[in-house]
Structure formats: C-alpha cells, structure tokens
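**Q** Got a sequence here, can you build the structure:
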Amino acid sequence: MINETETTAPKKADDRLTIKVNGQDKEVFMSGGLIRTLVPHFATFNDFAEIFSRPEEQNHLIVQTLKDRTATGKPTSAAQTIDDFEMTMEDADKLVAWVVEHALHFFIESVTKVKSLFVDNKEKIQGLVKLTESFLGTQDSPVLSPSAGDSTQSQAT
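**A** Residues are numbered from 1 along each chain as shown. Just a heads-up that it's a prediction; the model follows:
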C-alpha cells in the first residue's frame, strides 16, 4: 500500500539560464512544453546518470533546448544540428546539467502528485478495488471455469 510519509521534491532549478552561444548571451527558458519535449530522453532513472556519457543524447538535448521557438513553443527555424551552436564545453555541460535537473524535478513532482492523489482518494480507491474484486474475484481466489464435461468419462475415443 502507499506509504503516507511526507515526500517533497528538491528545489527546482531556475526557469531561465543564460549561456554564451554563437558569441552572444542567450537566455533559455524552461517552459512546460519544452520540459515535456525533453523528458522522454529519461525513460529510466539510470538515464539521468548515463546522459553524461552519451554525447549524441546530449547533442539532441542541446539542440532542442537552444532552437528558436515561437511564444507557443513551435520551432521557428529549419532543422538545426549541434554544429549550428558554437559554445564552450563548459556552457554545453552547464546546459545539459540544467536540463537534467529540470527533468529530475519534473519526475519527482509528478510522482509526488500521483502519491498525493492516491492518499487523498484512498477510500475511493479501496472501494473501487473491492468492487472490481466482487466482479472478477481476487488474485488469490481460484478462477472458476466451465467444466469440459463429465469427469468420470474418458475423453479418448
């Protein structure tokens, strides 16, 4: 069952990060849409650590984060590659770490919200489980299936 201990997410990274790209300061904003574009790269918790050893994934995160977008988040330019963004290794690492921090916070917040929903709706969920069990039986109960015929007669002909 759900443990009802207090769970809180760590402090979220700043929504804005300024780094030098193509010789100019560029402010990057982590919007709700952008984070949802980036989080699929973190399918498991191992991906958070492994991203730092996968340069191709880092490049994709950097391109997705730096490409120009409209106010609604739609990319404004043609497909871009990592070669379109001149930046130092330090700024690239800083950007990737910022993205990872936001993705980690996103997952922790999501799990915390789901847990809270379960705790807040505990009685309703238990009622639903009981209702479902009354229709389907419990996992531990034997499943009743129709008989194949009289068990005293041989099936061989």
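**Q** In the helix or strand encompassing residue 128, which residues are buried?
**A** Remark: residue 128 resides in helix 122-136, with elements defined by DSSP states H and E. Using 16 or more other CB atoms under 10 Å as the burial criterion, none of the residues of helix 122-136 qualify. The C-beta positions use only the backbone N, C-alpha and C, and glycine is treated the same way.
**Q** again with stretch 61-68
**A** The neighbour-count check on stretch 61-68 (16+ other CB under 10 Å) flags 61-67 as buried.
**Q** Please save the CA atoms from that stretch in CSV.
**A** Extracted in CSV, the C-alpha atoms of stretch 61-68 (Å, rounded to 0.1, in the frame of the first residue of the first chain):
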residue,chain,number,x,y,z
LEU,A,61,19.0,17.9,-25.7
ILE,A,62,21.2,20.9,-26.5
VAL,A,63,19.6,21.4,-29.9
GLN,A,64,16.1,21.0,-28.6
THR,A,65,16.8,23.5,-25.8
LEU,A,66,18.5,26.1,-27.9
LYS,A,67,16.5,26.2,-31.1
ASP,A,68,14.4,29.3,-31.5
